[in-house]
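Q: any chance you could fold what I've pasted below:
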Amino acid sequence: MNLSSKLAARVAEGKPVRVGLIGAGKFGSMILAQARHIKGLHVVGVADLDVQKARGSFERVHWPREQFAATSAQDALASGRTWITEDAAALVACDEIECIIEATGHPLAGTRHALAAIAAGKHVVMVNVEADVMVGALLAEKARAAGVVYSMAYGDQPAAMCELVDWVNSCGFELVAAGKGMNFCPSYRYSTPDTVWDYFDFTPEQVASGDFNPKMYNSFTDGTKAAIEMAAVANATGMDCPVNGLAFPPAGLQDLAEVFKPVSEGGQLEKEGIVDIAASREPDGRTVLNNIQYGMFVTFRAPNEYTRQCFNQYGLMTDKSGWYGSMWRPFHLIGLETAVSVLSACLRHEPTGESRLFRADAVATAKGAFEAGDYLDGEGGFKVWAKAIPARESVALNALPIGLAHHVRLKRSVRRDQVVSLDDVDIVDDLDIHSLRQEQRRLLSQGAGG
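A: Numbers count the residues shown, from 1 in each chain. Sure thing, here's the model as predicted:
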């Protein structure tokens, strides 16, 4: 609770925290919306392949044009303005930039940018959960070896879940489950970019504004984003995904402690230490009472009778036995909060959540029956959804990670809901991501439960 005072001290020393942002989409726009209002935080440059779109993002979040008119990194450093470029490597090469925020959402690009930033001695705030779930444990290991921080993005749900898990462990409670809310029921699983807006209340004008990507929102709808984020949380906390993937049990605030405890105790978890989703829809589509659609939660157990009594005395929401309690954060504000990660990395040298083990994976799973010769279209598309499973299961299946499932050709047919294996597809790999994934398997032996 001292980041603002630490930043004020840096300002007094004439040393602003200088960052580079890669990706000026929705998340990047939200970061920019707040950055101008944080004294001492200087966005030196923003890199995006579509420079005109990036300029539009600045205008949409109310930056004066002159403030993002710097002509180079050096001009930005001298003037305090911001430089827009299509060259991410130029941002990474700028010595004065301390931290790179990777917000492209593209797993291969995100991995490439993170590796380059770590090699250049810069902290990395990885908004790109798609890259993190694929090779985050290895990237974090490389960052530690280089003496820099590799961090999840505060404001996004994985970092908030890691914060809640840390709270449970720091208080001496027994961690049982961690998760988030989500607008989901089983029929959503096969949503496509053509049908996705049927599941949201956005107006046609909002959808047409340029701030809404149908594949991204479809990833939220069909459960893919949930799988990616929950697998990332498992890798960061040492928790496990359910063996058969996320179960999405419907649960409101009053139900969390009752539902998210082991089956042996009357709940719905296969064991303690599981990540999962509290669905905000019943299977028939009805809205769950007091749902936690936009929030994150943990459930935990009292270690002794005295603590159990205190749960009751202080109004904690518990299960019927009083032994299991829940704590939650009702909202998260995405990129509006990500400066917390930047400041934590630069001023405390601490991540706000960090993958440490290869404990879980998000793997491509067929939305229908497809024939050899068909092309998969990746996250949020028409062909696959992501299933979160223990890493040991992914390795045993030789599963195709969802991050590598974009524009790859099937070599043989797959059936609906089948986990697609690497043997089922032709992979074109310009980053040698498979060797990184193979190297990451070293971290599997340290604990890949299920």
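Q: which secondary structure elements does whichever strand or helix holds Leu139 contact?
A: Using DSSP states H and E, Leu139 sits within helix 129-146. Helix 129-146 is packed against helix 107-119, strand 123-126, strand 150-152, helix 224-237, strand 360-366, helix 433-440, with contacts defined by 3 or more C-beta pairs under 8 Å, 6 or more residues apart in numbering; DSSP states H and E. (Glycine included, C-beta is placed from N, CA and C.)
Q: between these, which one is nearest to Phe58?
A: strand 123-126 (19.5 Å; C-beta to C-beta).
Q: partner strands of the closest one and their direction?
A: strand 99-102 (parallel), strand 150-152 (parallel) (DSSP bridges).
Q: the stretch 351-450 of the chain: helices as residue ranges?
A: Ranges of helices in the stretch 351-450 of the chain, per DSSP state H, counting those that start in this stretch, are 391-397, 433-440.
Q: and the closest residue to Gly335 other than its chain neighbours, how far is that from Ala76?
A: Nearest residue to Gly335 in three dimensions, chain neighbours excluded: Met30, at 2.9 Å (C-beta to C-beta, 6 or more residues apart in numbering). Relative to Ala76, Met30 is positioned 21 Å away (C-beta to C-beta, to the nearest Å).
Q: swap in Ala208?
A: 32 Å.
Q: if we can go back for a sec, could you redo the strands paired with strand 123-126 as a markdown table and give each row distance to Ala369?
A: Formatted as a markdown table, the strands paired with strand 123-126 follow (distance: least, C-beta to C-beta, whole Å):
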| stretch | distance to Ala369 |
| --- | --- |
| strand 99-102 | 36 |
| strand 150-152 | 36 |
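Q: how about a markdown table for those strands, with mean neighbour count and mean pLDDT added?
A: A markdown table is the format used below for the strands paired with strand 123-126 (neighbours: other C-beta atoms under 10 Å; pLDDT from 0 to 100):
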| stretch | mean neighbour count | mean pLDDT |
| --- | --- | --- |
| strand 99-102 | 28 | 98 |
| strand 150-152 | 29 | 98 |
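Q: how about the helices in the stretch 151-300 of the chain?
A: 157-171, 204-207, 214-221, 224-237, 256-259.
Q: out of those, nearest to Ile389?
A: Proximity to Ile389 (C-beta to C-beta) singles out helix 224-237 among those, at 7.9 Å.
Q: what comes up buried for the closest one?
A: 224-237 (16 or more other C-beta atoms under 10 Å).
Q: helices and strands of this protein: which one bottoms out on pLDDT?
A: Least confident helix or strand of the chain, by mean pLDDT, DSSP states H and E, is helix 204-207 with a mean of 80.
Q: I'd like to know which elements that one is packed against.
A: By 3+ C-beta pairs under 8 Å, 6+ apart, helix 204-207 packs against no helix or strand.
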